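*Asks:* Need a 3D model of the sequence below.
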Amino acid sequence: MTSPSRLPVTVLPVEGVPEVRPGDDLAWMLSAPLRRAGVLEGDVVVVTSKVISKSEGRIVRGVDRADAVSAETVRVVARRGDLVIAETAHGFVCANAGVDASNVDAGSLALLPEDPDASASRLRAQLSALLDVRDLAVVVTDTFGRAWRTGVVNVAIGCDGLPAVVDLRGRADDRGRELEATEVALADEVAAASGLVIAKDARIPAAIVRGVDRLGGDDGSALDLVRPADEDLFPTSPLQALHNCRANHTFGPGAVPRSALEEAIVAACGALAPHRARPWRFSVLVSEASRRGYVAAIEQRRGMSDEVLAAAPALIVPWVSLPSGRSSPDAGSARDEREMLVLSGGAAVQNLVLALSAQGLASSFIGCTKSDVEEIRVALGYGDGWLPLGAVACGPMPRHPVADPRPPIEPADVAEWR
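*Replies:* Now for the predicted structure:
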């Protein structure tokens, strides 16, 4: 595709496309309207995912919407009432996993195409042959909301014939300064422009965007627009992190980033404690020797092995500072203060586990008994002024996490309203 650098950009609606049904030849149905619209070499044809889904049979009937959303979801990012923000198998994060009831027959739901990039590639090849236009690109769009903006906008979920992302880092701006962070989501910009003429309420499912400068980029995939998981600062909403949190007894390969452990420990220290104190410390065991020392101390006293502790690439041992006799003149007061501090330690452990989960890490809390306490103190070099609470075993999330065996919780089962 040529690069019409600095040409004016024109956006044209493609009108007169018939209603698309499963099994229809979408390229043939678009070809006549595109001719009438005056398609030219170098144009980008933008097509909504809805007509792609219809032609490819991605329409389900008589299915409960919540069930359809669940089937299309690989990860829930956030939810509020009936709205679910979910990650799809493609890697897209969008409302209701892309399941949509608009512009389909009553009782039907449209699912996103299984492989929108492949759909774009097929459509491009077919349209080029039908229209005898060799220098053509295709972008497949869907409407997504934005986390910090009201309203929806067309984004690219499939593309062929132009770069999805153009990396301008290292180039100079108009002042000669080197660009350090600029990556242009070109396919998204084309998709958003098409939204000015593609009308959901007027059966205009396609547009021509003319004059697109490729900015020197190579052909790409819409999946290039999906942010890698290790760069995602907002993987899960706080409320969803609570719902997702569960004990993981297996871990994925690799180490745990120190920064993730530090973030989790700082979050743990946000727990409530008496007198606004921070009566906790954390022994972070990441070396093989330190982990072995802790596991050996536990196994020696119990006379049995703990597979979770042994398998975890990192162990975090939370400690609670016990009250001294000077601060509690009578035994009853000291006992009460001790109980409050232990409770605060439990809150800190819960925060720690939640913070690990929020960062996409697997964890499991393995408590210790009174009989374990002295062995742990000796193994880690703590005096009797500190009480260990056990260990949080943590590591990367396994590729195929074990499903939570617990039944779903109904508020009426655990809450009493008065």
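
*Asks:* low-confidence ranges in the stretch 201-350 of the chain?
*Replies:* Low-confidence segments of the stretch 201-350 of the chain (pLDDT under 70): 303-305, 324-332.

*Asks:* all strands for it, in order.
*Replies:* Secondary structure of the stretch 201-350 of the chain (DSSP state E, counting those that start in this stretch): strands located at 206-210, 280-285, 314-321.

*Asks:* Quick one: those strands as TSV, columns for mean neighbour count and distance to residue 152 too.
*Replies:* Glycine gets a C-beta too; all of them are placed from N, C-alpha and C. Compiled in TSV, those are given as follows (neighbours: other C-beta atoms under 10 Å; distance: least, C-beta to C-beta, whole Å):
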stretch	mean neighbour count	distance to residue 152
strand 206-210	24	16
strand 280-285	19	44
strand 314-321	22	41
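
*Asks:* and these as JSON lines, adding distance to residue 265?
*Replies:* Below are these laid out as JSON lines (distance: least, C-beta to C-beta, whole Å):
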{"stretch": "strand 206-210", "distance to residue 265": "50"}
{"stretch": "strand 280-285", "distance to residue 265": "5"}
{"stretch": "strand 314-321", "distance to residue 265": "7"}
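
*Asks:* And the nearest residue to residue 309 once chain neighbours are set aside, how far from residue 78?
*Replies:* Leaving aside its chain neighbours, residue 309 sits nearest to residue 295 (5.0 Å; criterion: C-beta to C-beta, 6 or more residues apart in numbering). Applying C-beta to C-beta, to the nearest Å, the value for residue 295 to residue 78 is 37 Å.

*Asks:* got it, and residue 300?
*Replies:* On the measure of C-beta to C-beta, residue 300 and residue 78 end up 45 Å apart.

*Asks:* Equivalent analysis for residue 371, please.
*Replies:* 43 Å.

*Asks:* any idea how far residue 379 lies from residue 70?
*Replies:* Taking C-beta to C-beta, one finds residue 379 at 45 Å from residue 70.

*Asks:* more neighbours, those two?
*Replies:* residue 379 (22 against 14; other C-beta atoms under 10 Å).

*Asks:* Pull out the buried positions in the helix or strand where the more buried one lies.
*Replies:* Using DSSP states H and E, residue 379 falls within helix 370-380. Burial within helix 370-380, assessed by neighbour count using 16 or more other C-beta atoms under 10 Å, is assigned to 372-373, 375-377, 379-380.

*Asks:* how close does residue 216 sit to residue 225?
*Replies:* Using C-beta to C-beta, one gets 18 Å for the distance from residue 216 to residue 225.

*Asks:* related to what we said a few turns ago, could you report the neighbour count for the residue nearest to residue 309?
*Replies:* 22.

*Asks:* so it touches residue 310, yeah?
*Replies:* Yes - counting by C-beta atoms under 8 Å, residue 295 touches residue 310, with 5.5 Å between them.

*Asks:* Go through this structure and flag its longest strand.
*Replies:* Taking DSSP state E as the criterion, the chain has its longest strand at strand 149-160.

*Asks:* Please name every helix or strand in contact with that strand.
*Replies:* Strand 149-160 sits against helix 49-55, helix 116-131, strand 137-146, helix 186-194, with contacts defined as 3 or more C-beta pairs under 8 Å, 6 or more residues apart in numbering; DSSP states H and E.

*Asks:* Dump those to a markdown table, plus mean pLDDT and mean neighbour count.
*Replies:* Formatted as a markdown table, those follow (pLDDT from 0 to 100; neighbours: other C-beta atoms under 10 Å):
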| stretch | mean pLDDT | mean neighbour count |
| --- | --- | --- |
| helix 49-55 | 96 | 24 |
| helix 116-131 | 97 | 20 |
| strand 137-146 | 95 | 23 |
| helix 186-194 | 96 | 24 |
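
*Asks:* how about JSON lines for these, with distance to residue 338 added?
*Replies:* Formatted as JSON lines, those follow (distance: least, C-beta to C-beta, whole Å):
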{"stretch": "helix 49-55", "distance to residue 338": "60"}
{"stretch": "helix 116-131", "distance to residue 338": "60"}
{"stretch": "strand 137-146", "distance to residue 338": "50"}
{"stretch": "helix 186-194", "distance to residue 338": "57"}
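
*Asks:* Of all those, which one is nearest residue 290?
*Replies:* When the helices and strands packed on strand 149-160 are compared by C-beta to C-beta, strand 137-146 sits nearest residue 290, at 44.7 Å.

*Asks:* Parallel or antiparallel, which strands does the closest one pair with?
*Replies:* Here strand 137-146 is paired, per DSSP bridges, with strand 44-48 (parallel), strand 149-160 (antiparallel).

*Asks:* Render the CA-only coordinates of it in CSV, please.
*Replies:* Taking C-alpha atoms only, strand 137-146 is exported to CSV below (Å, rounded to 0.1, in the frame of the first residue of the first chain):
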residue,chain,number,x,y,z
ALA,A,137,-6.3,-2.2,3.4
VAL,A,138,-9.1,-3.5,5.7
VAL,A,139,-9.8,-2.7,9.3
VAL,A,140,-12.4,-4.5,11.3
THR,A,141,-13.9,-2.4,14.1
ASP,A,142,-16.0,-2.7,17.3
THR,A,143,-17.2,0.0,19.7
PHE,A,144,-15.4,0.0,23.1
GLY,A,145,-15.8,2.3,26.0
ARG,A,146,-12.8,3.9,27.7
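
*Asks:* orientation of it relative to helix 116-131 in degrees?
*Replies:* 140 degrees (axes from the mean of the first three to the mean of the last three C-alpha atoms, to 10 degrees).

*Asks:* if we can go back for a sec, looking at residue 300 and residue 78, which has the bigger crowd around it?
*Replies:* Neighbour tally, residue 300 and residue 78, criterion other C-beta under 10 Å: the higher count belongs to residue 78, 18 against 10.

*Asks:* Assumed the more buried one was part of a helix.
*Replies:* No - under DSSP: H, G, I helix; E, B strand; the rest coil, residue 78 sits outside any helix and is assigned strand.
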